[in-house]
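A.B. asks: Sequence and predicted structure, then a few things I'm wondering about:
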Amino acid sequence: MPAEIVLIPCLSDNYAVLIRHGASDTTVLVDAPEAGPILRTLQLKGWDLTHVLITHKHPDHIDGLSALKAKYHPRVFGPAAEADAIPGLDFGMSEGDVAEVGRFRFEAIETPGHTKGHIVFHEANEGWLFAGDTLFVMGCGRLFEDTPKAMWRSLSKLAALPASTRVWCGHEYTLSNAKFCASILPQDQAIAERLAKIEGDRAAGKPTVPTTIGAEKATNVFLRAGEAKVAAALGMDTGDSAAVFAELRERKNRG
């Protein structure tokens, strides 16, 4: 029996994700921005929440956790490095640790950058990645606690995953991200075509999540910081990809 995956809009632009596997009677939540929309979805579906995966400690990813845990008593997995900041965490995870949930194996990949302890969850057999605030559709997270070099290493880890990997991220920032990518590489046809589609989808109220690793490698300038044409677009001659990434992130911050 295939899994059912439900994307839940929360707050102003957050997403939570529910993964349901009926045969093993498991329902997994990725991040808990606020309780209300998640509780309504669970009740509508008639599902009991059995597990929660938390990517990082920021309030807009954990504020709904206490209410959900009080009602359903799920087992909660999250970053070991941020355990003190995540009330209700049961199992702290580091690089390579696996949360076994029914037939699924969610492996933690450490992705410092947005926060120092940020992790993402990779289910290799299904080809899924739950990226939190590390990798966005045509973007990446702001660097609140770590260096551009650390974030570039984190993104490079994710770029090495199979191109077909489907990626769910924590926010609907895509239209702004796509416009930024187009401003850096205005002659790039793949970026231009994707921007046009995203504009249409958002105008129609459609989410742009999930994406794929392949689509991001083709159109996300933050993953393309190692390309000579991206460095040239920034007026940089350096072969230092992390420096190019840092300049991209700084320009996006200013925008």
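C.D. replies: Structure's in. What do you need?
A.B. asks: tell me the domain boundaries of this structure?
C.D. replies: By the assignment in automatic domain parsing, the chain contains the domains 4-168, 174-208+219-254.
A.B. asks: Out of these, which one sits most buried?
C.D. replies: Counting by mean count of other Cβ atoms under 10 Å, domain 4-168 has the highest mean neighbour count of the domains of the chain, with a mean of 20. Every C-beta, even on glycine, is put in place using the N, C-alpha and C of the backbone.
A.B. asks: Show me how far that domain is from its chain's centre.
C.D. replies: 8 Å (Cα atoms, centre = their mean, to the nearest Å).
A.B. asks: That one: end-to-end distance?
C.D. replies: Distance across domain 4-168, first residue to last, is 14 Å (Cα to Cα, to the nearest Å).
A.B. asks: need the contact list for Leu68.
C.D. replies: Neighbouring residues of Leu68 by Cβ atoms under 8 Å, 6 or more residues apart in numbering: 29, 32, 35, 38-39, 49, 52, 74.
A.B. asks: who does the helix or strand containing Ile38 touch, helix- and strand-wise?
C.D. replies: Per DSSP states H and E: Ile38 is located in helix 35-45. Contacts defined by 3 or more Cβ pairs under 8 Å, 6 or more residues apart in numbering; DSSP states H and E place helix 35-45 against strand 4-10, strand 14-21, helix 65-72.
A.B. asks: I'd like these as CSV, with distance to Arg254 and mean pLDDT appended.
C.D. replies: Converted to CSV, these look like this (distance: least, Cβ to Cβ, whole Å; pLDDT from 0 to 100):
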stretch, distance to Arg254, mean pLDDT
strand 4-10, 28, 98
strand 14-21, 24, 98
helix 65-72, 33, 98
